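Chemist: show me how the following folds:
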Amino acid sequence: MRLSGAITNEKPGNASPAPRLGIRTFALFGGLMILAAVVTAGCAGRNPGPLAPAAQAADDITSPAAGRQRPVSHYYDFLRAQLAARSGRLEEAVAFMKDAVDKVPDQAIVKKELAMLYIKQGRKDKALEMIKEALGQEPDNTEALIVAGSLWQNAGELDAARQAYEKVVDNAPERENIALILARLYLQQEQFNRAAELMADFVERFPGNYMGFYYLGQALNELARPEDAAEAYQRSLSIEPDLMEPRAALIDIYRRQGKDAKVVSQYQAILERDPRNAAAALELGVFYKKQGRVNKARAIWEDLAGSAGPDSDVIKVVTGMLGRQRYDDAIIALSGILEHDRQNSALHYLAGAALYLSDKTGPAMDHFQQVATESDFYIDAMIHQAIIYNRESKTGKAVGLLESAMEKSDTAGKATLIPYLSAFYQEQKHYRQAESLLQQGLSINPGSTELLYELGVLYEKMGDVDAAIEKMKQVIEKDPENADALNYLGYTYADQNIHLDEAESLIRRALELEPESGHILDSMGWVYYRQGDYQKARKYLEEAVEKIGDDPIIFEHLGDIYRKTDQPGQALEYYKKALENGSEDAGAVKEKIDALRQQQEVSP
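Modeler: Okay, here's the model as predicted:
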């Protein structure tokens with residue numbers, strides 16, 4: 001099944017990501033950081049350890065054929081590998097270290113160092129292969145276990161990583177960071193009791209480690225022990241008062257417990273340390289407003305009004321609220337600030353977006369209309385207004401609005417508007433205007449596969465299947481992994497009952513890229529239908545219905561399969577569903593229903 005490419009109901013926006021709330025934050029040990037730490041502790045600058053005593057190195061010197069002495073010990077290769085690695089010559093370093101491994105295959109530490117070099121090269125599979133060999137020889141080698149744990153963690157093999165770190169913690173309890181990494185893994189795998197036990201022991205041995213108390217708090221909070229969790233978070237803050245994560249967790253606990261005064265005190269603690277923290281100020285303002293403490297909230301809004309420029313933290317934080325679907329909170333904050341900054345286009349745009357996302361299109365339109373032409377948000381505001389008009393079946397107004405915006409926009413603005421205006425032209429069946437507009441877009445951005453794809457879809461609507469096929473081929477040539485184009489071209493071939501082997505290959509490639517797509521599953525089913533393999537066709541089409549439960553084309557296709565496999569009752573059921581869900585070819589579906597009913601009447 002092809003995707004039409006219609007975009008009239010998209011929610012445009014150029015929002016920036018929300019900033020962190022914290023004054024000072026700490027890393028929670030993601031896998032990449034672990035690898036970086038391991039690499040840093042690897043070859044460069046390390047003491048080679050008990051590889052070979054100096055006396056052994058001196059004894060391994062022979063080269064009678066050359067008539068001069070040449071060192072041949074593994075220790076010499078090890079040193080040369082270190083020197084090459086320090087100079088950034090990783091290929092040479094790997095070659096030297098492999099020589100060392102060949103000479104002393106029973107020494108796990110040399111294999112561990114070779115694994116470290118592979119990590120530096122980005123060859124993680126080779127690194128894991130080598131570190132497994134090292135652990136096969138020395139299962140309790142702490143350094144090898146740490147490297148293996150980090151590799152498994154980055155590969156998503158969390159059970160294996162956890163087991164490696166557990167061995168390290170058992171064998172080397174002084175390794176603080178590994179215990180913290182293990183606690184993080186326990187939390188990630190929802191093994192909260194283990195995390196709590198590990199961190200309770202940890203904070204007794206390392207009472208000055210604020211991260212230990214934080215992770216303990218996280219585990220206790222998940223175990224529904226909020227009072228104990230709050231105590232752990234407070235201990236973390238007593239060590240590092242500027243941390244944000246424990247304060248955010250405390251605020252959440254106090255909110256759930258209805259301890260409003262403590263919620264306020266935590267926000268105030270943040271603002272005392274960082275008066276410009278927009279996130280804390282906004283959250284406190286919303287909290288005051290919900291409590292009915294209007295004057296307190298108003299004072300915050302007034303203060304924020306002077307610092308709510310287009311690229312400000314205020315805008316970023318509110319954008320983050322929208323991203324987390326906190327529409328009501330965003331509306332409270334934006335409405336409050338707008339009382340003190342009524343001409344702020346950025347605030348009006350975000351207020352419009354929040355209301356639009358809350359399905360309050362009337363008030364949303366009022367805010368979008370107050371976005372100034374010169375604002376960075378003007379184009380998005382115009383697109384939103386056009387979408388609202390289109391939803392209200394006022395496509396003519398939507399078109400007029402975007403045509404006006406096109407006249408006022410620079411080249412970049414036009415490029416943003418063109419796909420939307422083209423889509424509205426197509427709804428009006430003004431295909432030539434849509435074609436001209438998409439061609440204009442391609443003259444601005446010749447490399448746009450999105451516009452090429454839309455043009456192909458348009459040509460198919462205009463009945464020019466050959467032109468549609470040509471455009472889809474151009475998209476695939478520019479972007480061989482464009483799943484939409486692969487699917488569209490494959491489905492078009494299947495629908496035309498041509499090039500079925502190629503159609504199957506194209507759709508299979510699309511399905512590898514997007515295995516959960518109901519439309520692509522439908523296309524694969526339709527190819528098999530055309531090939532006469534009805535059992536495979538039914539398998540894919542039934543899966544497509546599970547993914548998309550309201551698509552009339554998929555229902556009709558499944559009805560066709562049941563009809564071909566002599567299951568008239570089920571065929572009728574799905575043909576009816578196709579009609580109920582707005583089939584674009586209702587006449588053809590009704591004919592199929594009538595034919596089935598006549599067949600049932602004459603059946604003995």
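Chemist: quick check: Leu541 touching Leu521?
Modeler: Yes: counting by Cβ atoms under 8 Å, Leu521 is a contact partner of Leu541 at 7.4 Å. Every C-beta, even on glycine, is put in place using the N, C-alpha and C of the backbone.
Chemist: right, and the helix or strand after the helix or strand hosting Tyr76?
Modeler: Assigned by DSSP states H and E, Tyr76 belongs to helix 74-86. The first helix or strand that comes after helix 74-86 along the chain, using DSSP H and E, is helix 90-103.
Chemist: the following helix or strand past that following helix: how far from the chain's middle?
Modeler: Remark: after helix 90-103, the chain's next helix or strand is helix 108-121, criterion DSSP H and E. With Cα atoms, centre = their mean, to the nearest Å as the basis, the distance from the averaged C-alpha position of helix 108-121 to the chain average is 31 Å.
Chemist: just stretch 317-324 next, same as before
Modeler: Offset of stretch 317-324 from its chain centre (Cα atoms, centre = their mean): 16 Å.
Chemist: how close does the closest residue to Tyr431 other than its chain neighbours get to Leu455?
Modeler: Counting by Cβ to Cβ, 6 or more residues apart in numbering, the nearest residue to Tyr431 once its immediate chain neighbours are dropped is Met462, at 5.0 Å. Distance of Met462 to Leu455, given as Cβ to Cβ, to the nearest Å: 10 Å.
Chemist: for Arg255, same thing?
Modeler: Distance, Arg255 to Leu455, using Cβ to Cβ: 52 Å.
Chemist: could you check which of these two is surrounded by more residues?
Modeler: Neighbours were tallied for Arg255 and for Leu455 using other Cβ atoms under 10 Å; the higher tally belongs to Leu455 (27 against 14).
Chemist: what's the closest non-adjacent residue to the more buried one?
Modeler: Excluding the flanking residues, the one nearest Leu455 by Cβ to Cβ, 6+ apart is Leu438, at 4.7 Å.
Chemist: then the one you found would be within a strand, right?
Modeler: No: Leu438 is assigned helix when assessed by DSSP: H, G, I helix; E, B strand; the rest coil, not a strand.
Chemist: list the contacts for it?
Modeler: If you count contacts by Cβ atoms under 8 Å, 6 or more residues apart in numbering, Leu438 has them with Ile418, Ser422, Leu451, Glu454, Leu455, Leu458.
Chemist: in TSV: these, plus secondary structure, pLDDT and distance to Asp140.
Modeler: Listed next are those as TSV, based on DSSP: H, G, I helix; E, B strand; the rest coil; pLDDT from 0 to 100; distance: Cβ to Cβ, whole Å:
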residue	secondary structure	pLDDT	distance to Asp140
Ile418	helix	97	64
Ser422	helix	97	65
Leu451	helix	97	60
Glu454	helix	97	61
Leu455	helix	97	64
Leu458	helix	97	66
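Chemist: adding distance to Leu83, write those residues out as CSV.
Modeler: Listed next are the contacts of Leu438 as CSV, based on distance: Cβ to Cβ, whole Å:
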residue, distance to Leu83
Ile418, 58
Ser422, 61
Leu451, 54
Glu454, 57
Leu455, 58
Leu458, 62
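Chemist: of those, closest to Glu113?
Modeler: Nearest to Glu113 among those, counting by Cβ to Cβ, is Leu451 at 52.2 Å.
Chemist: what number of residues lie near that closest one?
Modeler: Applying other Cβ under 10 Å, I find that Leu451 has 25 neighbouring residues.
Chemist: cool, and Ala93?
Modeler: Close neighbours of Ala93, defined as other Cβ under 10 Å, add up to 26.
Chemist: ok, it touching Ala81?
Modeler: Yes: taking contact to mean Cβ under 8 Å, the distance of 4.6 Å between Ala93 and Ala81 places them in contact.
Chemist: for this structure, give me the ranges with low pLDDT.
Modeler: Counting by pLDDT under 70, the chain shows low-confidence ranges at 1-73, 602-604.
Chemist: go with 80
Modeler: For the chain, residues meeting the criterion pLDDT under 80 lie at 1-75, 600-604.
Chemist: so Arg256, which of the three states?
Modeler: The assignment at Arg256 comes out as helix when based on three-state DSSP.
Chemist: return the distance of it relative to Phe213.
Modeler: As defined by Cβ to Cβ, Arg256 lies at a distance of 20 Å from Phe213.
Chemist: of the two, who's got more company?
Modeler: Under the criterion of other Cβ under 10 Å, the comparison of Arg256 against Phe213 puts Phe213 first, with 26 against 9.
Chemist: once you drop chain neighbours, what's closest to the more buried one?
Modeler: With Cβ to Cβ, 6+ apart, the residue lying closest to Phe213 is Ser236, at 3.9 Å.
Chemist: one more: Glu245?
Modeler: Here the nearest residue to Glu245 in space, its sequence neighbours aside, is Tyr214; by Cβ to Cβ, 6+ apart that works out to 6.2 Å.
Chemist: hang on, the earlier thing: name the residues contacting each of Met462 and Leu455.
Modeler: Glu435.
Chemist: and the closest residue to Gln428 other than its chain neighbours, how many neighbours?
Modeler: When the adjacent residues along the chain are set aside, Gln428 lies closest to Thr395, with 5.9 Å between them (Cβ to Cβ, 6+ apart). If you count neighbours by other Cβ under 10 Å, Thr395 ends up with 18.
Chemist: what of Ile332?
Modeler: By other Cβ under 10 Å, neighbour count at Ile332 equals 22.
Chemist: go on, Lys408?
Modeler: The burial count assigned to Lys408 is 13, neighbours taken as other Cβ under 10 Å.
Chemist: same check on the one 3 residues further on?
Modeler: Here the neighbour count serves as a burial measure; for Thr411 (other Cβ under 10 Å) it reads 8.
Chemist: from Phe377, how far off is the spatially closest residue to it that is not a sequence neighbour?
Modeler: The spatially closest residue to Thr411, leaving aside those adjacent along the chain, is Ile444, at 5.8 Å (Cβ to Cβ, 6+ apart). Computed with Cβ to Cβ, the distance linking Ile444 and Phe377 is 21 Å.
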